[in-house]
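Enquirer: My questions concern the predicted model and sequence given below.
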Amino acid sequence: MSNSNQGQPQPQSPPVQTAAHLRAKKRGGGCWVWFACGCLAVILGTSLLGVGGYIAYRSGVISLDTILNLVGVGPADIEFDNFRDETIYISILQLDVPSDESPAEDWLEIKPFDVRSYPVLEPGRYLLNFGLSSEGSDLGTCALTVRSGDQYQFVALPERIAVNRLNDPPTIGTDLVVATSTLCR
C-alpha cells in the first residue's frame, strides 16, 4: 500500500514561544522611549533658546523694544532733520484716541541744521503740522499712520519737506514729499 500523504505537506504545530523570546520582543520600549526623548528634546531646546536670548539681550543684539515690536506693541520712531536756515516748529496730535481719554499732544522746536528724534509709544494716527511759528502749519501737514516698529524720517529742506519710512522706503518719487505722499493721508 502506498502512502497517499507523500506529496502533501504535513501539518505543523505552531512554534513554542518561550519567556526569553517574549522579553526580547518587548525590549524596544515602545511609546515611552519616544515620549521621554521628546520631552528631553523640548527641555533642551527651551533651555538653549532661553540662554541664547539672555546672551543676545545682555550683549545688546536685541532690546526690549525689539521684543515688543515682534508682538506688535513696541514704540515707533520719528526723526526730524532741519536743513533750513530758520527754526521750524512741529506740533504732534494723536488723532485716534478712545472716547474716555484725551489725545496726546506735543510740539518740537528744531533749530537750523539740528536733528531730533521723537518716540511714538502708542501706534495709531497722528497729525503733524510743520510751521515757521509754534501755531503754524505753513510748511505742510501730514496725517501719519504709525505702526509698532515704524521708523520715519522728515527732512525740512528750503523748498519742501521730505518724508521717508526707513524700514519700508517709498518707490515713487511723489511719496517722498509731504504735500503729495501717500504716507501723509
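Expert: Yep, it's here. Residues are numbered from 1 along each chain as shown.
Enquirer: just the strands in this protein please.
Expert: 76-82, 88-94, 105-110, 115-120, 124-131, 140-146, 151-156, 161-165 (DSSP state E).
Enquirer: Tell me which of those sits nearest to residue 173.
Expert: strand 161-165 (10.3 Å; Cβ to Cβ). (Each C-beta comes from the backbone N, C-alpha and C, glycine too.)
Enquirer: Summarise which helices and strands the closest one is packed against.
Expert: Under the contact criterion of 3 or more Cβ pairs under 8 Å, 6 or more residues apart in numbering; DSSP states H and E, strand 161-165 touches strand 151-156.
Enquirer: can I get the CA coordinates of the strand it packs on in PDB?
Expert: Output in PDB follows, covering the C-alpha atoms of strand 151-156 (Å, rounded to 0.1, in the frame of the first residue of the first chain):
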ATOM      1  CA  GLN A 151      10.800 104.400  11.600                       C
ATOM      2  CA  TYR A 152      10.000 107.700   9.800                       C
ATOM      3  CA  GLN A 153      12.300 110.500   8.800                       C
ATOM      4  CA  PHE A 154      11.100 114.000   8.000                       C
ATOM      5  CA  VAL A 155      13.700 116.300   6.400                       C
ATOM      6  CA  ALA A 156      12.900 120.100   6.200                       C
END
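Enquirer: strands paired with that strand, and their directions?
Expert: strand 76-82 (parallel), strand 161-165 (antiparallel) (DSSP bridges).
Enquirer: In JSON lines, list the ones you listed along with mean pLDDT.
Expert: What follows is the strands paired with strand 151-156, written out as JSON lines (pLDDT from 0 to 100):
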{"stretch": "strand 76-82", "mean pLDDT": "96"}
{"stretch": "strand 161-165", "mean pLDDT": "95"}
